[in-house]
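Colleague: Give me a 3D structure for the following:
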Amino acid sequence: PVYALCIAAAFLIQWIAFIPAWLNRTEKFYDLTGGITYITVTLLALLLTPGTDARSLLLAGIVIVWAVRLASFLFLRIRNAGEDRRFRDIKQSFGRFLLTWSLQGLWVSFSLAAALAAITSTLRLDLDLFAAIGFLVWLAGFAIEVIADRQKSAFNAKAENKGRFISTGLWSWSRHPNYFGEIVLWIGVAIIALPVLRGWQWITLISPIFIIILLTRISGIPMLEKRADQKWGNEAEYQSYKAGTSMLVPLPPKK
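Modeller: Residues are numbered from 1 along each chain as shown. Just a heads-up that it's a prediction; the model follows:
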């Protein structure tokens, strides 16, 4: 019941936030609402589950740290940019805009699935090797995502880089290092959750798989690759960068 309540809350928050967003035709609080949803749902799971243990607190802690960092980063980015181009046409259509907010509820539900199942699980186990390995994997992914985001922000902040693509730092080893970090950190969350999952809860391990499929096959990378090809596809420098740089997993650039 607690798990189901948390999923319902994830969607309810989106639909409530959608009302002022639609009335004002704005997407500026979309990512911020996503972060607030992660935090609210995680805290709800903690508060409604009796006998909170160290594993639950660890999972809640790393999810909240990640959510605060990413939501604030994305909110400040859109505030500085003035708009999120993805929403330019979508926000004019009630149905499409509502669907986009509903999909954020789905994104939260799927990505948080393993963590929520572990936090609300009746099985309690002391922190173990899974917790240690999972935390280190999460930490590595989180660090990669933060560094990649900061490097790109610093690059874009320089006037001489206007209209150019980044190919330095982590971006010289991967065309999408931030997404690689995102995938890795959710794998870490699933590893921490693993030992206390039982029965139907095993299904929640689809969480990192869902994120991998979404970022590499549906939105995320395909969308950005298409935009990059439209913008720099005719430039020899970009073609060389694309041919010599791994799409996702950071690897030494090809000569």
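
Colleague: what about the helices in this protein?
Modeller: Taking DSSP state H as the criterion, the chain contains helices spanning 2-23, 30-48, 54-81, 94-111, 113-119, 129-157, 177-193, 206-213, 221-232, 236-244.

Colleague: buried stuff in stretch 168-181?
Modeller: 170-172, 174-181 (16 or more other Cβ atoms under 10 Å). To be clear about C-beta, it is placed using only N, CA and C from the backbone, and glycine gets the same treatment.

Colleague: Residues contacting it, please?
Modeller: Residues from elsewhere that reach stretch 168-181, judged by Cβ atoms under 8 Å, 6 or more residues apart in numbering: 140-149, 151-152, 155, 215-216, 220-221, 224-225, 241-242, 245-253.

Colleague: swap the cut-off to 7 Å and go again
Modeller: Applying Cβ atoms under 7 Å, 6 or more residues apart in numbering, the contact partners of stretch 168-181 are 141-142, 144-145, 147-149, 151-152, 215, 220-221, 224, 245-253.

Colleague: can you check stretch 22-32 too?
Modeller: With Cβ under 7 Å, 6+ apart, stretch 22-32 has contacts from 17, 21, 71, 74-75, 78-79, 84, 87, 91-92, 94, 97.

Colleague: Out of the residues you listed, which end up buried?
Modeller: Applying 16+ other Cβ under 10 Å to the contacts of stretch 22-32, the neighbour count classes 17, 21, 71, 74-75, 78, 84, 87, 91, 97 as buried.

Colleague: can you count the residues close to the closest residue to Trp138 other than its chain neighbours?
Modeller: Nearest non-adjacent residue to Trp138, counting by Cβ to Cβ, 6 or more residues apart in numbering: Gly188, 3.0 Å away. Gly188 is flanked by 22 other residues according to other Cβ atoms under 10 Å.

Colleague: what's near enough to touch Gly188?
Modeller: Here Gly188 is in contact with 134-135, 137-138, 141 (Cβ under 7 Å, 6+ apart).

Colleague: could I get those as TSV with neighbour count and pLDDT?
Modeller: Converted to TSV, these look like this (neighbours: other Cβ atoms under 10 Å; pLDDT from 0 to 100):
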residue	neighbour count	pLDDT
Gly134	26	99
Phe135	19	99
Val137	19	99
Trp138	25	99
Gly141	21	98
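
Colleague: mean confidence score for stretch 110-124?
Modeller: Here stretch 110-124 scores 96 as its mean pLDDT.

Colleague: For that stretch, which residues meet the burial criterion?
Modeller: 110-121.

Colleague: got a pLDDT number for Thr52?
Modeller: Per the predicted model, pLDDT is 88 at Thr52.

Colleague: Relative to Glu237, how far out is it?
Modeller: 53 Å (Cβ to Cβ, to the nearest Å).

Colleague: Equivalent analysis for Thr122, please.
Modeller: Taken as Cβ to Cβ, the span from Thr122 to Glu237 is 57 Å.

Colleague: what's the answer for Asn178, then?
Modeller: For Asn178, the distance to Glu237 - Cβ to Cβ - is 22 Å.

Colleague: can you check Glu225 too?
Modeller: In terms of Cβ to Cβ, Glu225 sits 16 Å off from Glu237.

Colleague: Those two - which one has more neighbours?
Modeller: Neighbours were counted for Glu225 and for Glu237 using other Cβ under 10 Å; Glu225 has more, 14 against 11.

Colleague: so what pLDDT did that one get?
Modeller: Looking at Glu225, the pLDDT reads 96.

Colleague: go on, Thr49?
Modeller: 94.

Colleague: Give me the phi and psi angles of it.
Modeller: phi -100, psi 120 (degrees, to the nearest 10).

Colleague: what's near enough to touch it?
Modeller: Per Cβ under 7 Å, 6+ apart, neighbours of Thr49: 2, 119-120.

Colleague: Leu47: which of those residues is nearest?
Modeller: Val2 (9.4 Å; Cβ to Cβ).

Colleague: Identify the residues contacting the closest one.
Modeller: Applying Cβ under 7 Å, 6+ apart, the residues contacting Val2 are 45, 48-49, 120.
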